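Asker: Got a predicted structure here, sequence first:
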Amino acid sequence: MKSLVALLVIAIVAIVGVVMIRKGNRAGWLLMAIVLIMLVAGVIYRQRDAITTMIAQRGNADVQNPFTPSEPEVADLTRAWQSFRGGPKQAHALSAKKLGDVSWESPRWKYSFSGTGLSSPSVANNRIVLTQTDEQQQTNQLVTIDFDAGEEMAVVDLPFGNPGPIHANNSYATVTPAVDSDHSYAVSVVDRSVYLTSVNLSGEQAWSCEIGTYWTQHGIGSSPCLYRGLVICAVEGLDAPFAVAVDAASGKIVWRKRLRPSQWNFGTPVVASLCERDQLLLATHKEVLSMNPLTGSEYWSCAWSADRAANCVVASPTHVFASSTSPESEIICIRGDGNGDVTESHLVWQQERGAGYVVSPVLVSQGLLTITDDGIAHLLNVETGDVIDRMRLGGDVFSSPICLDNQVLAIDHEGVLSVLEVVEDKITRLSRFDLGEPTKSTPAVWNDRLFVRSEKTLWCWELDKPPTPESTTAAIGKSQE
């Protein structure tokens, strides 16, 4: 309708201009010039998305630069909960104390946020990092909290401005920061540009790197992961989706790989040791990808029906499991030792029941535990995909579950914590606790403490001294050997 009105106005101005020119009035030429400008502006406006995408494709083009990776880290899973779901921990935490024994009514401490956000806690070197948005000041901030006392150590402003619209279930501080022993790494958006920022232990910015362009009507949601001196991000908006790795020491882009064009995607990448090689795994538009984390080169891809995912895949030592409900409910299992297109050769099974869109799955010794977004837990046989058992938890769920000594902590949107355990192929609920605040964030565990973020509060509960790393490694590996 607006276009028709605009064309009518242009036509009227053009007719008036022609009449004036015929009468010898030079002002008619001015009107015709205005008509020409209006027509050109209209064409540019109608093609604005295509022009923006063309510019973005140049800005998000493939990059490959020299890089010397750090030495492989010692396989000590107690070292850090370094990113969303613990990064390589894949939501498995070390603890000698059962979740069912936690005194939920007596947290060690609580921290109250001054801003809003949905990012999950990451923990290393006696500090917890999260992000928040100060809506009054229109700033995005990295918040560092003392591990022992729950006191604020630093609040650092991140690049932020005109980030665009967001979904009702999203926030401007949803992306979980990554953390190592020396620095924290946070993602933020300025206009259509995505920035990755490094902050040191003193709360000072070490570097900030523009890694590419991004825009969707729902906002950004994918969190970075760490690997051998690299910070790896997936940025999949309308402009030109890509994965990128940045040198954690310098802030220089090491590699950037264009991904399959899509409307948008919110999957978080994870690096897993799989089939005797480290693989960067990502559930994305119409395919699940495995890449070399040091170079971005593709190992394999497997087609699936999903338009997008908003969670993180999980991997055993031999298989990868991905879940989505967009547009249809689907869980797939892929053998991880392939190369190239493995859809026909390595897709082990597909299952329609139990899939989550936002909620990531977790492996337990008895199988694959999934939670649907409307709060129904499913236990699947990892070899066949068959549903073994199911249980309704309560309300809708956005938080991904974590596992401690084969007990699973799940939290619904209303803030109700459920401790689950699988005994003889049956899901049982050991305990329940109501935080009294909504939550969409995923818990973290490090060095005898459990951390849960609710709408306004970060909670800390005491756990016992962690056992040896081998016990958790064995628990992750039991699923497919």
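Answerer: Looks like it arrived, so ask away.
Asker: buried sites along stretch 15-34?
Answerer: Across stretch 15-34, burial judged by 16 or more other Cβ atoms under 10 Å covers 17, 20, 28, 31, 32. To be clear about C-beta, it is placed using only N, CA and C from the backbone, and glycine gets the same treatment.
Asker: so of the residues you listed, which ones are in helices?
Answerer: 17, 20, 28, 31, 32 (DSSP state H).
Asker: For the closest residue to residue 462 other than its chain neighbours, give me its contacts.
Answerer: Spatially, and ignoring its direct neighbours in sequence, residue 462 is nearest to residue 108 (5.0 Å; Cβ to Cβ, 6 or more residues apart in numbering). Residues in contact with residue 108 (Cβ atoms under 8 Å, 6 or more residues apart in numbering) are 150, 449, 460, 461, 462.
Asker: Go ahead and confirm the last one touches residue 445.
Answerer: No - with contact taken as Cβ atoms under 8 Å, residue 462 and residue 445 are classed as non-touching, separated by 11.4 Å.
Asker: Report the beta-bridge partners for residue 188.
Answerer: residue 195 (DSSP bridges).
Asker: Tell me how the chain divides into domains.
Answerer: With domains defined by automatic domain parsing, the chain comprises 2-46, 49-61+82-477.
Asker: Mind telling me which of those the model trusts least?
Answerer: Lowest mean pLDDT within the domains of the chain: domain 2-46, a mean of 77.
Asker: Might you quantify the distance of that domain from its chain's geometric centre?
Answerer: How far domain 2-46 lies from its chain's middle: 49 Å, per Cα atoms, centre = their mean, to the nearest Å.
Asker: do stretch 103-123 as well
Answerer: From the chain centre to the centre of stretch 103-123 is a distance of 20 Å (Cα atoms, centre = their mean).
Asker: got the end-to-end distance for that stretch?
Answerer: End-to-end distance of stretch 103-123: 22 Å, with Cα to Cα, to the nearest Å as the criterion.
Asker: How about stretch 400-414?
Answerer: 14 Å.
Asker: tell me what the one helix or strand residue 300 maps to is packed against?
Answerer: Element membership for residue 300, per DSSP states H and E: strand 298-303. Using 3 or more Cβ pairs under 8 Å, 6 or more residues apart in numbering; DSSP states H and E, the elements in contact with strand 298-303 are strand 287-291, strand 340-341, helix 343-346.
Asker: Now do the first one: everything it contacts.
Answerer: Strand 287-291 is contacted by residues 243, 257, 259-260, 274, 279-283, 297-304, 313, 320, 322, 332, 334, 336 when judged by Cβ under 8 Å, 6+ apart.
Asker: could you redo the last one with a cut-off of 7 Å?
Answerer: 260, 279-282, 297-304, 313, 320, 322, 334, 336 (Cβ atoms under 7 Å, 6 or more residues apart in numbering).
Asker: For PyMOL, write the selection for the buried entries among these.
Answerer: Command for PyMOL, covering only those of these found buried under the criterion 16+ other Cβ under 10 Å:
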select buried, resi 279+280+281+282+299+300+301+302+304+313+320+322+334+336
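Asker: returning to that earlier point: quick check: which of the helices and strands packed on strand 298-303 has the most neighbours on average?
Answerer: Neighbour counts (mean count of other Cβ atoms under 10 Å) averaged over each of the helices and strands packed on strand 298-303 peak at strand 287-291, with a mean of 24.
Asker: what's the angle between it and strand 298-303?
Answerer: Inter-element angle recorded for strand 287-291 and strand 298-303: 170 degrees (by axes from the mean of the first three to the mean of the last three Cα atoms, to 10 degrees).
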